[in-house]
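> Sequence first, predicted model second:
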Amino acid sequence: MSKTFTLDDLCTLTDLPKRTVRYYMQMGLVDRPIGETRAAHYLATHLDQLLKVKQLTDAGISLERIAEIQNGEELPVPPKARKPGDIQVKSHVHVAPGIELQISPEEADMSPEQIRALVKAVMKTIQDIKA
């Protein structure tokens, strides 16, 4: 038989208040307990669900987005927060007098060919506007 937990146990293990746990259940982020009233109990799956929701909320993901993820949408990898002292390499591309594109290859997620196509398109647009 698998281990069961009370609501108090879950709250202690996840460091979440009862009100929050109940709200997550109301939103459908965590399964309802097995049984009702004082006889209600929870399984390891409930604990796992709560810990996952807590991990995602701590990462700054909204409850609405967590619900979407649980319904099968992919979880985007949040960008790494920049800290003082971090070094970032950027390319500066001169496209016209007084106009420069600044590109961060890592963040842009573009191949060199795509970046060249972007620069050409920007240069053409500038020519079209001036004409």
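Cool, the structure landed. Model, not experiment: these values are computed from the prediction.
> Tell me, please, the helix or strand in the protein that averages the lowest pLDDT.
Least confident helix or strand of the chain, by mean pLDDT, DSSP states H and E, is helix 105-108 with a mean of 73.
> Let me see the mean pLDDT of the helix or strand hosting His92.
Secondary structure from DSSP states H and E places His92 in strand 91-96. Regarding strand 91-96, the rounded mean pLDDT is 85.
> Can you name the element that comes right after it?
strand 99-103.
> Run through the helices of the protein in chain order.
In order along the chain, the chain carries the following helices (DSSP state H): 7-14, 18-27, 44-58, 63-70, 105-108, 112-130.
> Which one, of these, ends up nearest to Gly35?
helix 7-14 (11.4 Å; CB to CB). Bear in mind the C-beta positions are built from the backbone N, C-alpha and C, glycine included.
> Can you give me the neighbour number for Ile103?
15 (other CB atoms under 10 Å).
> If you could redo that for Met123, that was the one I meant.
16.
> Tell me which residues touch it, please.
Listed by CB atoms under 8 Å, 6 or more residues apart in numbering, the contact set of Met123 reads 95-96.
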